[in-house]
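S.K.: Predicted model and sequence follow; I will ask about them next.
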Amino acid sequence: MDAELVDKALPLAPDTVLRNLAAASAGAVPTDRPVVRLGLTSGHVTEGRLISVGTDRTDEVVVLGVPPHRHKPPESAAYLRMRDVVSAVVVDPELFRDVLSGGVLPAPVAGPPVSRLALRREYADLPLRVDWDSLPDSAAATSALALLLAAVRAAASGIREDDAGRLAWAAIGSVRVVHRPGAGLAVDRVPEGVVISTDFTAALPRRLDLEVAHRLAAAL
């Protein structure tokens, strides 16, 4: 575990860890799902990729893909009753630092660092007003901004698919992006356009594209 995660990891019960990880990884391909090692009341230990957590009649059930191959989907599915799970080890916890810290830490950054100049150039086609002075001067914050701007572009493209959407988008004067410490993602309509705010040093929603699309469409 990295030092930040050691400091910020929450003391969660095994069932809470499994529910949170399952919710965060919903929709991910099997090889991107968390690998967990579960200790059972029987004394056995089962390891696999966490596929889902759900309820069947009166029992909460954990579904694991086994074995947890690194580069190919699991070969079998194991179904375990949640009440039989007494411990949960998260393998490679840094990959889910946003979940294990309760959103205090951002998800790990993938790919090479991105610069502010590169973002200005890449998204020059959008009516953006980024509050650069409020944005923390860190690689993690700039990477989070890049993810958000990509989600805004995808959402704008979806909105403009028909005439009604194009008219609604054209009515937006600007999309202002603001860093607000300690705040979750918010999209608000204001007289001059739309304001998107969040804490760029904390975790963004894992399905950021869907979240931004939903909130932006609702604000128009």
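M.R.: Yes, it's here. Residues are numbered from 1 along each chain as shown.

S.K.: This protein: helices as residue ranges?
M.R.: Ranges of helices in the chain, per DSSP state H, are 3-8, 14-24, 97-100, 116-122, 139-159, 163-170, 208-219.

S.K.: and the angle for the fifth one with helix 208-219?
M.R.: Direction vectors for helix 139-159 and helix 208-219, defined by axes from the mean of the first three to the mean of the last three C-alpha atoms, to 10 degrees, enclose an angle of 60 degrees.

S.K.: Using CSV, write out every CA atom in helix 139-159.
M.R.: Listed next in CSV are the C-alpha coordinates belonging to helix 139-159 (Å, rounded to 0.1, in the frame of the first residue of the first chain):
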residue,chain,number,x,y,z
ALA,A,139,-0.3,16.3,-11.7
ALA,A,140,-3.2,14.4,-10.0
ALA,A,141,-5.5,17.5,-10.2
THR,A,142,-4.6,18.1,-13.8
SER,A,143,-5.3,14.5,-14.7
ALA,A,144,-8.7,14.7,-12.9
LEU,A,145,-9.5,17.8,-14.9
ALA,A,146,-8.6,16.0,-18.1
LEU,A,147,-11.0,13.2,-17.2
LEU,A,148,-13.8,15.7,-16.5
LEU,A,149,-13.2,17.6,-19.7
ALA,A,150,-13.4,14.4,-21.7
ALA,A,151,-16.7,13.6,-20.0
VAL,A,152,-18.0,17.1,-20.8
ARG,A,153,-17.1,16.7,-24.5
ALA,A,154,-18.8,13.2,-24.7
ALA,A,155,-21.9,14.6,-22.9
ALA,A,156,-22.0,17.6,-25.3
SER,A,157,-21.8,15.3,-28.3
GLY,A,158,-24.7,13.2,-27.0
ILE,A,159,-26.8,16.3,-26.2
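
S.K.: mean confidence for it?
M.R.: Averaging pLDDT along helix 139-159 yields 94.

S.K.: Buried ones in that helix, by neighbour count?
M.R.: 140-156, 159 (16 or more other C-beta atoms under 10 Å). Every C-beta, even on glycine, is put in place using the N, C-alpha and C of the backbone.

S.K.: Likewise for the fourth one?
M.R.: Buried residues in helix 116-122, counted by 16+ other C-beta under 10 Å: L119.
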